[in-house]
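J.: Predicted model and sequence follow; I will ask about them next.
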Amino acid sequence: MGSPWLALATRRGGPAVPGGVMIMNLSRRDEMMLEGREGPAVRAAMEILVRVGDAYGADELVDAHGVHIGGVSFGTSGEGGLDFALKFASLGARVRVPTTLNISGRDATNWRRFGLPQVFAGKCASMEQAYLSMGCIPTWTCAPYQVGMHPRFGELVAWSESNAIVYANSVLGARTPRYGDFVPLCVAITGRAPRFGLYLDDAREPSVHLAFRGLENHDGGKDVLASAIGHLTGEIAGARVPVLTGIPRSFRADELKALGASAASGGAVGMFHAAGITPEAPTLETVLRGAKPEKYEFSLEDLMGTARRLSSTDGGPVELVALGCPHFSFDEMRRLASALGGRRVSPSTRVWVFTNRVTASWADETGIGGALRESGVEISTDSCLLSWPSEAWDFGSLMTNSGKFAFYSRSRCDAVLLGSLEECAEVAVSGFARR
């Protein structure tokens, strides 16, 4: 059976394809997969990988030891994403490396409560089943690193979902390019990935330096500070790799998560170095290796200005407090319960927490989930408001502690306010935000 993609593929050391783009060197095993000797699903996946590798100038395919697939929500990938999953499932595809799944477009058990249309929920269910039939792990989270998926330092993986890519490269020191939604499934089916981008040492070297000063004097929420750092970093760095200095040593996993997520949404950052914090930058001198990249300096006041820019209102009634973008961690669940202190949410305000089923089960078993629900908090698992259709956005004002969520929500909601988790808890109880 012929294929236009297969027709472009040549053997090891083969000639350039029309247009002068060089074909990658393929191993004999790669060639056999491309020839269809391991079945039609593997062949189709390999054809896509060869084309992607050629487009990015990759010289070869390498083994990938783990995959996170981002395009598994019908709310973000639509009919094309559903067709892609169903096609590979119909070909009998099976993943051959540990493969986790990003958020679904629905909370599988409570989608009606959150106002999702039945047709939409049904499309989500079809996509979910297609990926599960291929042997993927039903993590249903944009933060797989929070549920035990921790690749080793230097390990090659193929992750999509922007915040997960940044976290893997920056905080864990694993290696993944900025993959789009669909290519990682092809990597999972073949176990092979084109060698380009952040797999390479040179691509991980910083080309811009953001120096922050005075951050130790910040007495507000670290989540807002981290979001502001990330958003400003994204605006300055774009798709470049930045090195950051002056980041508080008190930043832990949740703050680094917020920083990376905002850097990816504010720009196109796939990796950052934080001198003295992230594993590839024990010191500024170590990561720079004598280079002198473009440098920018910012004060705490600059960052607070960035945080204000992420809000579209100074206050007023708040209809929804939305938390968990990226997904809430167990510690964030604990902090929210502590901040509420058993108080009830205002009748005029809803509080939605987005997390994954694993973290939710931990919260339930420790009593934290029950305490939050007693206060009036609704916990949605395995999904995210950003992937829901417009019918579910039946509110005009919201508050969040996520810079990423604030940035993306401004186009869908009239009034958006960024505040710390503790400030969000106070607004949830009062129903009103004051600045």
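T.: Arrived safely, thanks for sending. This structure is a prediction, so every number in the text was calculated from the model and none was measured. Numbering: from 1, shown residues only.

J.: who's in contact with residue 292?
T.: For residue 292, the contact set (C-beta atoms under 8 Å, 6 or more residues apart in numbering) is empty. All C-beta atoms are positioned from the backbone trio N, CA, C, and that covers glycine.

J.: Quick check: phi and psi at it.
T.: phi -130, psi 80 (degrees, to the nearest 10).

J.: same question, the one 3 residues further on
T.: Phi and psi for residue 295, reported as degrees, to the nearest 10, are phi -120, psi 140.

J.: For the closest residue to it other than its chain neighbours, name its beta-bridge partners.
T.: Distance criterion C-beta to C-beta, 6 or more residues apart in numbering; nearest residue to residue 295, sequence neighbours excluded, is residue 209 at 4.3 Å. Assessed by DSSP bridges, residue 209 has beta-bridge partners residue 243, residue 295.

J.: To what extent is residue 209 buried, counted in neighbours?
T.: Residues near residue 209, counting by other C-beta atoms under 10 Å, number 23.

J.: That one contacts residue 291, doesn't it?
T.: No - counting by C-beta atoms under 8 Å, residue 209 does not reach residue 291; the two are 9.4 Å apart.

J.: Okay, and the closest residue to residue 287 other than its chain neighbours sits in which element?
T.: In this structure, residue 287 finds its nearest non-sequential neighbour in residue 281, 4.0 Å apart by C-beta to C-beta, 6+ apart. Counting by DSSP states H and E, no helix or strand carries residue 281.

J.: and residue 281, how many neighbours does it have?
T.: 22.

J.: what's the answer for residue 26, then?
T.: Residue 26: 23 neighbours (other C-beta under 10 Å).

J.: Repeat that for residue 135.
T.: 15.

J.: so it is in which element?
T.: Going by DSSP H and E, residue 135 is not part of any helix or strand.

J.: and if you look at residue 351?
T.: strand 350-355.

J.: what bits of the stretch 151-300 of the chain have low per-residue confidence?
T.: Scanning the stretch 151-300 of the chain for pLDDT under 70 picks out no residues.

J.: please redo it, this time with the cut-off set to 80
T.: 219 (pLDDT under 80).

J.: can you pull out the strands in it?
T.: 158-159, 192-194, 208-213, 242-245, 273-274, 294-299 (DSSP state E, counting those that start in this stretch).

J.: possible to save these as TSV with distance to residue 311?
T.: Shown next, in TSV, are those (distance: least, C-beta to C-beta, whole Å):
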stretch	distance to residue 311
strand 158-159	30
strand 192-194	40
strand 208-213	21
strand 242-245	23
strand 273-274	25
strand 294-299	19
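
J.: Let me know which of those strands is tucked in deepest.
T.: strand 158-159 (a mean of 32; mean count of other C-beta atoms under 10 Å).

J.: That one pairs with which strands?
T.: Strand 158-159 is paired, per DSSP bridges, with strand 67-69 (parallel).

J.: Tell me which helix or strand comes right after the strand it pairs with.
T.: Next along from strand 67-69, by DSSP H and E: helix 74-90.

J.: okay, how far is it across stretch 154-167, tip to tip?
T.: 13 Å (C-alpha to C-alpha, to the nearest Å).

J.: Can you give me the buried ones in it?
T.: Residues 155-167 are the ones in stretch 154-167 that count as buried (16 or more other C-beta atoms under 10 Å).

J.: again with stretch 375-390
T.: Quick answer for stretch 375-390 (16+ other C-beta under 10 Å): 375-388.

J.: Mind putting these into CSV with secondary structure and pLDDT?
T.: Shown next, in CSV, are the buried residues of stretch 375-390 (DSSP: H, G, I helix; E, B strand; the rest coil; pLDDT from 0 to 100):
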residue, secondary structure, pLDDT
375, coil, 98
376, coil, 98
377, strand, 98
378, strand, 98
379, strand, 98
380, strand, 97
381, strand, 97
382, coil, 96
383, coil, 96
384, coil, 95
385, helix, 95
386, helix, 95
387, helix, 94
388, coil, 95
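
J.: Now for residue 380: which residues touch it?
T.: Here residue 380 is in contact with 107, 110, 114, 352-355 (criterion: C-beta under 8 Å, 6+ apart).

J.: Kindly indicate the member of those with the most neighbours.
T.: Most surrounded of the contacts of residue 380: other C-beta under 10 Å gives residue 355, at 30 neighbours.

J.: That one pairs with what?
T.: If you apply DSSP bridges, the partners that residue 355 bridges to are residue 381.

J.: I figured it was touching residue 379, is that so?
T.: Yes - using C-beta under 8 Å, residue 355 is in contact with residue 379, at 6.6 Å.

J.: Now do the shared contacts for these two.
T.: residue 363.

J.: residues contacting the residue lying closest to residue 214 once chain neighbours are set aside?
T.: Excluding its sequence neighbours, the residue lying closest to residue 214 (C-beta to C-beta, 6+ apart) is residue 300, at 4.1 Å. Applying C-beta under 8 Å, 6+ apart to residue 300 gives the contacts 212-215, 217-218.
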